[in-house]
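**Q** here you go, sequence then predicted model.
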Amino acid sequence: MSSTRGGEKLTASMAMPKSKEDPVRQQLIQALFSDSASSTSETMLTYVKIFEEEKGSKEMTFKKGTSAERAKMLSKPRYLCMTVKKNGKVRLHKVKKTSATSYHIGRTWHLDEIKSIENVDARRWTVVINRPYAWVTDVPELKSEFQMMLLKVLRSNLKRLPTLINIDELALATQFNVAREAAVAHRSSKMPPPPSGVAPIPNSGSFVQDFENRLSIQTERLKRSATAPVSGTIPSAASPRAEPVEPRPLSESEPLDESLELANVYSIIESDERIKDVMDELDKGIEELDDMDNWLSLYRQELDSMGDDIRQIESQNRGLQVQTSNQASLLRELGNLFAAITIPESVLDALKKESLEREQGIKNLEKAAAEVQDVLLAKYDEDVAGMNAVRDRMEHYGAHCSNFASRLSESLKVKMQHQADTYLNDKQRMLAKGFVVMYGYEPIENYFNLYRGLIVWLREMDPRRYTDLQTIYVNNMNRLYRKEIKEFFNVLSTHHVAKLEKPDDSEFVFGSVYQGSLISRGGTAIRESLTSPSDFTGRIPWRKRSTRDIQDLSALSDAGRNGTLYESSRRIDVGAEERLAVDEAFSQALSIMVGIAAREQNYISDLFTFSKAMSMRMFIEDPPAFGDLETKRKTTLDLKSSKRLAQLMGILFDGLSVELNNFAEMGYKNESVQCVGMLIAIERSQIELADSDQVHLTGMLTQLHTKLVTMFEKYVEEQVKFIEEARHKTKRKGVLPFMRIFPRFAEKMESLLEGNEDVEARKLIKTAYDRLVRMMFESTEAVAKETGDYDDNEQGSHVVNIENMHHFYSELRQRKITNLESYMKYAKSSYESHLDTYVRGVVRKSLVKLLDFFDGVEGLVKAKASEDVGFHLTYNKQALKKVISSYPTSAVRKDLVHLYRKVEKHFSSDDEEGLLQVAWRGIQEEFIRQHGRFTKLIQECYPDAGIQMEFSIQELLSIFSEIAKSH
């Protein structure tokens, strides 16, 4: 690990030489860093004694004097120790001396906590860790030595050095080397002087050169000492001048007396002074070798330190090269950046001075605004955006942008007010009788189309003013639409809506006394001779009449009303004296208003670009075209834009909902059934607007639809009450009033629903049918039971049912109202049942004796054999002759004439005049049927009696024919 290796180098180069002569170091290691077996143990690299300045003493100066005097100026003596752990992490410890040999670690910091290092002067320095620490050292060289060691460790352990203030690393390295050489010289002065002939080691100069010189000198000296011959002879132990001993070679086979030899050698060494000199010289040589070893260790340390310095310098050179390259790149980037954010003054002048009245000026402003927008909305990273120069430029351009936005919005505000005032004062847009028109606003649309691009710019650059501009536009256009819509409905309702003199004159109110031609129409008994359908179908607005755009302006110029008519203008095609039904007028007015409101919403959406967010540059390069303003558009807006557009439309057409509601209420009061036609018109508009973006219109129509549904339900409820009340108020003869009105009501409803089977009104009307018809049938039965206007109440009941059910069935069948088929079948069945009962009843009164006699005969035939009937006392031949003689031809003729007068009285109603013939024909058929039955029973039960009826079939037919011709 690099930090561990760095710590080992620093320990070898600085800590080791001090270990033998620095007692404080030994005490620190022994007290705090001696536990090498622990996994958390640390090795001390170096230390320095410091004094922390008291608060308020940061500005103190050091004066010359004794150390005692200087100590008075300082406080908190501490030791700053640098250590390395086994994992290579280097830390700083602030150590406090608590006694003579004990120490305590007060604070510990990791290297990456150091923020900055500042040299205050030769002895003072400040280190910012979590807060600034001001430290003072007694010896400047120790401070420099510690700082140099600290910088080496920081450089080898951290990717980014802390901030260095007033620290010159080159000067610090030089100072460190000088101090190291002084320490080496100090150690050399304490070593024994080299032997004669050996040059002394210099205290200055190159350490490498000194090392080589000393190494060569010591080598030559050792060679001479090792090869010098021993002169003279070795003296013997007996005399100081012993005879030389001739050395002789020892043979391997010759035994050697080791004890004698050792004694001999010892004797020679003790007796010869030269041996002692040799030994002294050897000791000196060993000392010299020890000195050389010390010098080699010292040089090795110095070489390691110099290698570190060289590597540091090379690293700094590389850093300077990278820094130079980076600075060049930075200059280029800054140049490009300032070129990108620089807007020419001509562009800024255009924003201030270019005209907003001319088309060319507007185009120039679009280009200038786009250039400013590109700069202001460009994305910059955080560092670039935080540059003062960039920030100043953006603020400057932002001020120009804000000023132009204010100028633009104020100008458009004035123009919108002016346009609205101009059209409000246009006398040619006045409406009159026979001229019901909603004018268009193409000139206003075309005028503001020129500013569409600048509005796009305003949307992005100043959303608040953009929103205010929308409100200003709709408020001014609201003044126009409110005035013209009010005038439109006023002219329409005053001059072109048909109104009843009294509410109960309506031909569709079940309690009315209306006696129009349609009501006086009578029906015949299920025959095809009924009159043709009424002309209600021709009054259906979507089948006959329609609104139309004003395309031929020249056709209106004769009337002097072509001053401000445009293609988008819409009018109701009605003559000066022509009046329309309420539902028809409402339908046409609604169609016009829906078309105008939808067009206006489309224009607002395009003018303010609701459908698509874009920049000014995008608008210039690819301007979006206006869509077809007359076409209903699909929903493409987001929820927020859709709500905003609906809000603007609510402001713009706040008067439309009021006028439509007022018109609907007026129509209901005039003729309540007209609410159905208005309801269908609304539902048709809702279908047209389905899946479109017309949120406001859809909501307005939904509210109006709910109101009209309530009106119709109220109308139906009133009719049910009228029908129920008719039980007690109406006459007991002829067709009841509600039976006369219902077919016309049903025809009206069906004519309105023709081609509109998919509308919800169909369900509403079907429910109304059910309620009304059930109540009508119940009331008819009740009236029939309570009738007292006939000689026979039972016959009167049948007559009421016959007339009303026949009228109900024949009128609905003639009008081909298939949706009431079930009720028509019921009415037909009821009519036929009551008619058959009536006919049987009146015939029985005329032929009561005959019917009673032959009914008894028929009963006997069923119980006994037919030939036994003549022997029955009550039904013998004499009884038969007596009954038959009671009905001669003259009596039958007289009775039939009387019967006809009675039937004619029963069916004298003008409403159902055909029923008399139907009933009389039924009576004729019943007489003939009974005559045939009588004749058959006579032949079967009295075959040999020779008795027959007094009147024949031919006589009956002749009598009925005479009576019919006479009437």
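**A** Great, that's in hand.

**Q** going forward, measure contacts between C-alpha atoms and count neighbours the same way
**A** Will do.

**Q** need the pLDDT of the closest residue to residue 361 other than its chain neighbours.
**A** Of all residues not flanking residue 361 in the chain, residue 355 sits nearest, at 5.2 Å (CA to CA, 6 or more residues apart in numbering). Residue 355 carries a pLDDT value of 89.

**Q** what does residue 674 give?
**A** On pLDDT, residue 674 comes in at 85.

**Q** same deal with the one 5 residues further on?
**A** For residue 679, the model assigns a pLDDT of 91.

**Q** can you check residue 135 too?
**A** For residue 135, the pLDDT comes out at 92.

**Q** cool, and residue 209?
**A** Residue 209 is given a pLDDT of 50.

**Q** equivalent analysis for residue 958, please.
**A** For residue 958, the model assigns a pLDDT of 90.

**Q** same question, residue 193
**A** On pLDDT, residue 193 comes in at 54.

**Q** about what we covered before: checking my notes, the residue nearest to residue 361 in a strand, right?
**A** No. Per DSSP: H, G, I helix; E, B strand; the rest coil, residue 355 lies outside any strand segment and is coil.

**Q** quick check, it in contact with residue 362.
**A** Yes. Contact status for residue 355 versus residue 362: in contact at 7.0 Å, counting by CA atoms under 8 Å.

**Q** more crowded one of these two?
**A** Neighbour count, other CA atoms under 10 Å: between residue 355 and residue 362, residue 362 has more, with 18 against 15.

**Q** settle this for me: residue 509 is touching residue 719, isn't it.
**A** Yes. Taking contacts as CA under 8 Å, residue 509 lies within contact range of residue 719: 6.7 Å.

**Q** so who does the residue nearest to residue 887 when sequence neighbours are not counted touch?
**A** Excluding the flanking residues, the one nearest residue 887 by CA to CA, 6+ apart is residue 950, at 6.6 Å. Residue 950 sits next to 884-885, 887-889 when contact means CA atoms under 8 Å, 6 or more residues apart in numbering.

**Q** so residue 950, which of the three states?
**A** Here residue 950 is coil, with the state taken from three-state DSSP.

**Q** distance of it from residue 938?
**A** 13 Å (CA to CA, to the nearest Å).

**Q** would you point out the helix or strand in the protein whose mean pLDDT is lowest?
**A** helix 553-557 (a mean of 38; mean pLDDT, DSSP states H and E).

**Q** I'd like the next helix or strand past that helix.
**A** For helix 553-557, the succeeding helix or strand toward the C-terminus, using DSSP states H and E, is strand 570-572.

**Q** what's the helix or strand for residue 811?
**A** helix 793-815.

**Q** so which bits of stretch 369-381 are buried?
**A** By neighbour count on 16 or more other CA atoms under 10 Å, the buried set for stretch 369-381 is 369-373, 375-376.

**Q** hmm, I typed the wrong one, I wanted stretch 862-881.
**A** 866, 869-870, 875-877, 880-881.

**Q** so can I have CSV of those showing distance to residue 409?
**A** Listed next are the buried residues of stretch 862-881 as CSV, based on distance: CA to CA, whole Å:
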residue, distance to residue 409
866, 114
869, 116
870, 119
875, 115
876, 119
877, 119
880, 115
881, 117
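
**Q** got a markdown table for those, with pLDDT and secondary structure too?
**A** Compiled in a markdown table, the buried residues of stretch 862-881 are given as follows (pLDDT from 0 to 100; DSSP: H, G, I helix; E, B strand; the rest coil):
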| residue | pLDDT | secondary structure |
| --- | --- | --- |
| 866 | 76 | helix |
| 869 | 79 | helix |
| 870 | 75 | helix |
| 875 | 84 | coil |
| 876 | 87 | coil |
| 877 | 88 | helix |
| 880 | 88 | helix |
| 881 | 90 | helix |
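
**Q** please identify which pair of these lies farthest apart.
**A** Comparing every pair within these by CA to CA identifies 866 and 881 as the most remote, at 17.6 Å.

**Q** quick one, longest helix in this structure?
**A** As assigned by DSSP state H, the longest helix anywhere in the chain is helix 273-340.

**Q** which other helices and strands contact that helix?
**A** helix 207-227 (3 or more CA pairs under 8 Å, 6 or more residues apart in numbering; DSSP states H and E).

**Q** what is the burial count for residue 887?
**A** Counted with other CA under 10 Å, residue 887 comes out at 19.

**Q** mind listing the helices for the stretch 701-850 of the chain?
**A** Taking DSSP state H, counting those that start in this stretch as the criterion, the stretch 701-850 of the chain carries its helices at 737-753, 761-786, 793-815, 821-846, 848-863.

**Q** need these in JSON lines (columns: distance to residue 689 and mean pLDDT).
**A** JSON lines is the format used below for those (distance: least, CA to CA, whole Å; pLDDT from 0 to 100):
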{"stretch": "helix 737-753", "distance to residue 689": "19", "mean pLDDT": "87"}
{"stretch": "helix 761-786", "distance to residue 689": "17", "mean pLDDT": "89"}
{"stretch": "helix 793-815", "distance to residue 689": "33", "mean pLDDT": "85"}
{"stretch": "helix 821-846", "distance to residue 689": "34", "mean pLDDT": "91"}
{"stretch": "helix 848-863", "distance to residue 689": "72", "mean pLDDT": "88"}
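
**Q** and these, which is most packed in?
**A** helix 793-815 (a mean of 24; mean count of other CA atoms under 10 Å).

**Q** what's the angle between that helix and helix 821-846?
**A** 140 degrees (axes from the mean of the first three to the mean of the last three CA atoms, to 10 degrees).

**Q** spatially central residue in the chain, please.
**A** Residue closest to the average C-alpha location in the chain (CA atoms, centre = their mean): residue 639, at 5.9 Å.

**Q** tell me the pLDDT of residue 347.
**A** pLDDT for residue 347: 85.

**Q** check contacts around it.
**A** Applying CA under 8 Å, 6+ apart, we find residue 347 in contact with 368, 371.

**Q** switch to 6 Å and redo it
**A** residue 368 (CA atoms under 6 Å, 6 or more residues apart in numbering).

**Q** and it, backbone torsions?
**A** Backbone torsions of residue 347, given as degrees, to the nearest 10, read phi -70, psi -50.

**Q** just to revisit the earlier point, and the helix holding residue 811, what does it pack onto?
**A** Packed against helix 793-815, as judged by 3 or more CA pairs under 6 Å, 6 or more residues apart in numbering; DSSP states H and E, are the following elements: helix 761-786, helix 821-846.

**Q** using the three-state scheme, assign residue 576.
**A** Three-state assignment for residue 576 (three-state DSSP): coil.

**Q** would you list the phi and psi of the closest residue to it other than its chain neighbours?
**A** Distances taken as CA to CA, 6+ apart place residue 434 nearest to residue 576, at 3.7 Å, with adjacent residues excluded. Torsion angles at residue 434 (phi, psi; degrees, to the nearest 10) stand at phi 80, psi 0.
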